[in-house]
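Participant: sequence? don't have it. structure:
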């Protein structure tokens, strides 16, 4: 069933569905909004035979409620519906825009943070670490001498000063003695004396192999030799090696190894500890206090 609607502005007539009677529509001709008031008309596909005009009774036009005063502000007003639809579309567009902006900013921030961390790690890996111990002039030897106890063995010929009682170990074969003293603040101190003559070390062009240098160092496979130096005490060569971790993200501890061979024995003096303790007076005094057969071979 359809209804003939007549525009109240341009008087154009057009067909609409009967459920739109009494509702606001927009005229397809002048595009003005109005409320339909026309009575529904039944449209048949088959023509009915003509009847006597006198017998035709006109049906009364159903009453149409008067238009409301707020007709054009009604929620059913096409303009109002259009504005609401446009506003909702704009709101969704703004939401998508800001979601995209936030996502891009988050990704950019993450990339920036990762790049900064990687750059700092690279810079820390490449930094030139000093391998020097403290200077003798800056060390109060007398003060440390009073606080550190001497540890010696005439049979083995060594004398060394340590800030505590070391753990003394002697090999089953009786050809090696080792002193270990771990200290939370200073680090790990180790002295080893072997009944093994390495007179070839005292040649000018002699070099120690890597296995000998890393012997007795905890986590030696994770360390690399950063620098090396040879000092001479008379005719005895004293080899000093400065070792750092291959990956400083794992550990920041460093190791100093000093080795020499004399009197038919090989002496190894090691220190492993925090990087900031390397230049401390205590580490210097630890190496400087070593004596073998009553003679000092390590000056620093």
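Facilitator: Ah, there it is. All of these numbers come straight from a predicted model, not from anything done at the bench. Numbering: from 1, shown residues only.
Participant: Flag every buried residue along stretch 22-41.
Facilitator: 24, 25, 27, 33, 34, 35, 36, 37, 38 (16 or more other Cβ atoms under 10 Å). The way it works is simple: take the backbone N, C-alpha and C, and place the C-beta from them, glycine included.
Participant: Could you verify my assumption that the second one touches residue 36?
Facilitator: Think residue 25. Yes: Residue 25 lies in contact with residue 36 (Cβ atoms under 8 Å); the separation is 6.2 Å.
Participant: Any chance you could list residues touching both of these two?
Facilitator: Shared contacts of residue 25 and residue 36 (Cβ atoms under 8 Å, 6 or more residues apart in numbering): 5, 16.
Participant: for this protein, what helix or strand is lowest in average pLDDT?
Facilitator: Using mean pLDDT, DSSP states H and E, the weakest-scoring helix or strand in the chain turns out to be strand 40-41, at a mean of 50.
Participant: following it, which helix or strand comes up?
Facilitator: Using DSSP states H and E, the next helix or strand after strand 40-41 towards the C-terminus is helix 78-126.
Participant: tell me the mean pLDDT for that following helix?
Facilitator: Mean pLDDT, computed over helix 78-126, is 83.
Participant: and what of stretch 195-210?
Facilitator: pLDDT averaged over stretch 195-210 gives 94.
Participant: how close does the nearest residue to residue 218 once chain neighbours are set aside sit to residue 190?
Facilitator: Distances taken as Cβ to Cβ, 6 or more residues apart in numbering place residue 272 nearest to residue 218, at 6.6 Å, with adjacent residues excluded. As judged by Cβ to Cβ, to the nearest Å, residue 272 and residue 190 stand 8 Å apart.
Participant: Do a quick rundown of the helices in the stretch 151-300 of the chain.
Facilitator: Counting by DSSP state H, counting those that start in this stretch, one finds helices in the stretch 151-300 of the chain at the ranges 210-214, 281-288.
Participant: Please name every helix or strand in contact with the first one.
Facilitator: Taking 3 or more Cβ pairs under 8 Å, 6 or more residues apart in numbering; DSSP states H and E as the contact definition, the neighbouring helices and strands of helix 210-214 are strand 223-233, strand 236-245, strand 253-262.
Participant: Mind listing the strands the first one pairs with, and their directions?
Facilitator: Pointing back at strand 223-233 there. strand 236-245 (antiparallel) (DSSP bridges).
Participant: what does the last one give?
Facilitator: Using DSSP bridges, the strands paired with strand 253-262 are strand 236-245 (antiparallel), strand 265-274 (antiparallel).
Participant: mind giving me CSV with these and columns for mean pLDDT and distance to residue 167?
Facilitator: Output for those, formatted as CSV (pLDDT from 0 to 100; distance: least, Cβ to Cβ, whole Å):
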stretch, mean pLDDT, distance to residue 167
strand 236-245, 94, 22
strand 265-274, 95, 14
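Participant: Reformat those strands as a markdown table; add distance to residue 183 and mean neighbour count.
Facilitator: As requested, the strands paired with strand 253-262 are exported to a markdown table (distance: least, Cβ to Cβ, whole Å; neighbours: other Cβ atoms under 10 Å):
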| stretch | distance to residue 183 | mean neighbour count |
| --- | --- | --- |
| strand 236-245 | 19 | 21 |
| strand 265-274 | 8 | 21 |
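Participant: I'd like those strands written out as CSV, with distance to residue 186 added.
Facilitator: Compiled in CSV, these are given as follows (distance: least, Cβ to Cβ, whole Å):
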stretch, distance to residue 186
strand 236-245, 17
strand 265-274, 6
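Participant: quick one: residue 264 from residue 193, how far?
Facilitator: 11 Å.
Participant: Those two - which one has more neighbours?
Facilitator: residue 193 (21 against 11; other Cβ atoms under 10 Å).
Participant: Relative to residue 32, how far out is that one?
Facilitator: From residue 193 over to residue 32 (counting by Cβ to Cβ), the distance is 112 Å.
Participant: Straight-line length of stretch 216-224, end to end?
Facilitator: 14 Å (Cα to Cα, to the nearest Å).
Participant: in that stretch, what counts as buried?
Facilitator: Result for stretch 216-224 [16+ other Cβ under 10 Å]: buried residues 217, 223.
Participant: residues in contact with that stretch?
Facilitator: 178, 188, 190, 192, 214, 243-247, 250-251, 255, 257, 268, 270, 272.
Participant: Same question for stretch 154-168.
Facilitator: Taking Cβ under 8 Å, 6+ apart as the rule, stretch 154-168 contacts 144-145, 147-152, 177-181, 183, 186, 189, 191, 193, 263, 265, 267, 269, 282, 285-286, 289-294.
Participant: Can you say which of the residues you listed are buried?
Facilitator: Buried among the contacts of stretch 154-168 (16+ other Cβ under 10 Å): 144, 148, 151, 177-181, 183, 186, 189, 191, 193, 265, 267, 269, 282, 285-286, 289-292.
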